[in-house]
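# Take this sequence and fold it.
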Amino acid sequence: MSSTEAAQKVADLMPGLIADLERLVAIPSIAFPGYPSEPVNQMAEEALRMFREVGFDTARLMDVPTGYPPIYGELAGPEGSPTVVLYAHYDVQPAPPEQGWTSDPWSPTTKQDGRIYGRGAADDKSGLVAHLGTLRFFDGKPPCTLRLILEGMEETESNLEAFVEAHPDLFECDLFVICDMGNLRVGEPVLTTALRGDVACVVTVRTLKHPLHSGVFGGPVPDAMMALARLLATLHDDEGNVAVAGASSRSWSGGDMSAEDFRASADVLDGVALTGTGTIGDRLWSRPSINAIGIDMTSIAGSSNVLIPEARAKISMRIVPGSDPARELDALVEHLEANVPWGAQIEIQRTKEAPPFECDTGGPGYAAARWALAEAFGKTAGEAGSGGSIPLLRTLQQAAPKAEFVLWGPEDVALSRIHSSDESVDPAEIERMVLAQVLLLQRLAERTP
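Sure, this is the predicted structure:
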């Protein structure tokens with residue numbers, strides 16, 4: 001079947017796939033602690049039903065010690081054909097009203113721009129639907145052997161890494177297709193080739209044995225919150241670049257976004273400058289970033305005229321591909337210890353060391369994927385990075401060290417607003433990604449000895 005014929009068949013599948021996506025988006029499958037379990041279990045059962053209908057007859061909910069179950073299945077292709085693992089996740093981020101949604105996040109809504117809005121419409125139920133479309137295209141008889149893994153806790157404390165480590169044989173393959181990414185802009189294809197890692201710590205600053213009256217003692221007596229604020233301010237230079245000595249950095253040579261497009265996608269307020277120097281690609285994908293993602297001290301509602309004896313902050317540092325998480329966290333800790341002001345006492349708890357990831361771009365699977373993207377989009381495919389982290393990729397790499405990775409999906413960076421209000425997906429991106437996956441599998445099968 002030619003690419004043109006395949007494109008027409010995929011187009012014919014789209015009404016059913018959009019209906020599937022809308023049905024899935026309507027299920028609030030939030031796996032975070034404190035949210036009801038029924039919708040997540042409903043989502044798992046619905047996804048299982050859908051994938052069994054398209055050929056994964058043996059797909060099942062896998063037993064895990066804690067949390068929501070991953071879905072796993074196998075579908076044999078022709079003897080001797082490559083083995084491809086298809087990955088997506090069925091859980092989503094919360095969608096609290098204070099995020100500022102302009103439509104109900106659990107009522108999928110197609111707006112005038114043609115995009116489908118709702119929590120999970122892009123991340124990652126669009127990826128799940130892309131896999132459904134790929135299987136539906138082949139009527140349950142794919143040209144390659146397929147293995148399916150749908151994660152149920154990707155957005156929170158994942159249990160899939162432990163599952164992979166306990167069952168590495170289930171993930172032996174030639175190629176992983178991770179459909180949880182997207183292009184920088186709609187219609188402009190890219191393969192994600194590098195992801196930053198993430199290290200984190202909690203820093204506690206103490207200056208007093210107990211609170212003191214701010215009028216009687218304020219001035220000569222140091223306040224812990226002000227000491228913490230001064231410490232956090234040392235993490236960046238005046239332009240907003242990370243100022244931690246020893247933190248790794250490099251240049252980005254792949255695809256990029258303009259500052260204007262990036263500002264628009266991030267909804268940066270008028271007059272607020274972007275931080276750091278270099279290209280947007282440099283700052284997003286090949287340089288570290290640091291943020292205080294949580295602070296503990298007295299709330300405004302509970303405040304009084306006292307000096308604060310103790311304040312805490314959780315600090316997250318995204319680290320560049322190729323760097324060692326332990327060494328990067330060492331550099332951050334050493335910086336904090338060396339820069340705490342006024343002789344304040346400091347305690348640091350290391351909480352996270354998630355490694356970065358880089359794809360091997362020299363293998364036949366990557367070449368086939370790049371060709372398939374170009375065919376599906378009618379444009380040469382570029383390369384992009386991801387500022388986010390997916391520790392699972394390193395675990396999969398250890399389980400199948402000879403396998404290649406393809407990271408792509410329907411989530412365009414410019415407009416999808418994943419994890420934010422008014423998350424959305426362009427149906428045309430889903431259609432093109434289904435076609436790309438179809439062409440990829442056909443290409444891999446053609447090259448089988």
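
# Centre-most residue in the protein?
Gly388 (5.2 Å; CA atoms, centre = their mean).

# secondary structure element for Thr351?
strand 345-354 (DSSP states H and E).

# Return the list of helices and strands in contact with that strand.
Strand 345-354 sits against strand 197-206, helix 325-339, with contacts defined as 3 or more CB pairs under 8 Å, 6 or more residues apart in numbering; DSSP states H and E. Heads up, the C-betas are built off the backbone N, CA and C, glycines and all.

# Skip ahead from it and say which helix or strand is next.
Heading C-terminal from strand 345-354 (DSSP H and E), you reach strand 357-358.

# That next one pairs with which strands, parallel or anti?
strand 190-195 (antiparallel) (DSSP bridges).

# What's the mean pLDDT across the strand it pairs with?
Averaging pLDDT along strand 190-195 gives 94.

# ok now that strand, how far from the chain's centre?
12 Å (CA atoms, centre = their mean, to the nearest Å).

# Please point out which parts of the strand holding Thr351 sit buried.
Across strand 345-354, burial judged by 16 or more other CB atoms under 10 Å covers 346, 348, 352-354.

# Now flag whichever of those is closest to Glu74.
Relative to Glu74, the closest of the buried residues of strand 345-354 is Ala354; by CB to CB it sits at 28.9 Å.

# Give the bridge partners for the closest one, please.
Bridge pairing for Ala354 - DSSP bridges - gives Asp198.

# how about it, what does it touch?
197-199, 325, 389, 391 (CB atoms under 8 Å, 6 or more residues apart in numbering).

# separation between it and Ile390?
9 Å (CB to CB, to the nearest Å).

# where along the stretch 151-300 of the chain do the strands fall?
For the stretch 151-300 of the chain, the strands defined by DSSP state E, counting those that start in this stretch cover 175-179, 190-195, 197-206, 212-213, 289-296.

# Of those, which is nearest Pro97?
strand 289-296 (21.2 Å).

# secondary structure class for Arg52?
Classification of Arg52 by DSSP: H, G, I helix; E, B strand; the rest coil places it in helix.

# and what of the one 4 residues further on?
Three-state call for Phe56 (three-state DSSP): coil.

# all helices of the stretch 151-300 of the chain, in order?
Listed in chain order, the helices of the stretch 151-300 of the chain (DSSP state H, counting those that start in this stretch) span 160-166, 214-217, 224-233, 259-266, 280-281.

# Quick check: which of those is nearest to Asp296?
helix 224-233 (9.9 Å).

# how far off strand 345-354 does that closest one point, in degrees?
50 degrees (axes from the mean of the first three to the mean of the last three CA atoms, to 10 degrees).

# Can you show me the CA trace of helix 224-233 as CSV?
The C-alpha coordinates for helix 224-233 follow below in CSV (Å, rounded to 0.1, in the frame of the first residue of the first chain):
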residue,chain,number,x,y,z
ALA,A,224,14.7,32.5,58.6
MET,A,225,12.4,33.3,55.7
MET,A,226,14.5,36.3,54.7
ALA,A,227,17.7,34.1,55.0
LEU,A,228,16.0,31.5,52.7
ALA,A,229,15.0,34.2,50.2
ARG,A,230,18.5,35.5,50.0
LEU,A,231,19.8,31.9,49.6
LEU,A,232,17.3,31.2,46.8
ALA,A,233,18.3,34.4,45.0
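
# what comes up buried for it?
Buried-residue list, helix 224-233, by 16+ other CB under 10 Å: 224-232.

# same thing with stretch 255-273?
255-257, 261-263, 265.

# Contact partners for the closest residue to Val205 other than its chain neighbours?
The spatial neighbour of Val205 that comes closest, neighbours along the chain excluded (CB to CB, 6 or more residues apart in numbering), is Leu228 at 4.5 Å. Counting by CB under 8 Å, 6+ apart, Leu228 touches 203, 205, 295, 311-313.
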